[in-house]
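Participant: the sequence and its predicted three-dimensional model are supplied below.
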Amino acid sequence: MEQLISIFNATGIANYHTPVPANAALPYIALTDYAESYSRADDRIDDITEHIQADYYTKTEYDPNKDVIRDALDAAEIVFDYQCRYEDAEKVYHHIFDCEVSA
């Protein structure tokens, strides 16, 4: 998780919050560590992968900062999936980066 916090802070494009305060100014990023995967070798846990969702909230669907985030994750060799949704209740675009990070 600390690796992702450093990467997102280095982009300089959004405030990082977890949990997100009710009055957070856009754009902002929230990180959620939601799962771990384990692989075994030699009768022991050999590798741990953390699954972390990075939620980037903006007012625009085609926010150029999405590419900055994508490039920063790519440069750090972090595997991720991306999707964007419009959150009607909050009137924001929710850019979701679902990341896998070695623990």
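Facilitator: Received, thanks. Numbering: from 1, shown residues only.
Participant: mean confidence for the strand or helix carrying Leu31?
Facilitator: Applying DSSP states H and E as the criterion places Leu31 in strand 28-41. Summarised as a single mean, pLDDT over strand 28-41 is 86.
Participant: and the next element down the chain from it?
Facilitator: By DSSP H and E, the next helix or strand past strand 28-41 is strand 44-58.
Participant: in whichever helix or strand comes after that next one, what counts as buried?
Facilitator: Sequence order places helix 65-75 as the next helix or strand after strand 44-58, per DSSP H and E. Neighbour counts using 16 or more other Cβ atoms under 10 Å place 65-66, 69, 72-73 of helix 65-75 among the buried residues. C-beta coordinates here come from the backbone N, C-alpha and C atoms, glycine included.
Participant: swap in stretch 88-99?
Facilitator: 92-93, 95, 97-99.
Participant: other residues contacting that stretch?
Facilitator: Identification of contacts with stretch 88-99 by Cβ atoms under 8 Å, 6 or more residues apart in numbering yields 4, 26, 51-61, 63, 66, 69-70, 73, 78-87.
Participant: now which of these would you call buried?
Facilitator: Buried subset of the contacts of stretch 88-99 (neighbour count, 16+ other Cβ under 10 Å): 4, 52-58, 63, 66, 69, 73, 78, 80.
Participant: which member of the residues you listed is positioned nearest Ile45?
Facilitator: Checking those against Ile45 by Cβ to Cβ gives Ile52 as the nearest, at 18.9 Å.
Participant: distance of that closest one from Tyr86?
Facilitator: 23 Å (Cβ to Cβ, to the nearest Å).
Participant: swap in Glu50?
Facilitator: Distance of Glu50 to Tyr86, computed by Cβ to Cβ: 28 Å.
Participant: right, I'll call it a day here.
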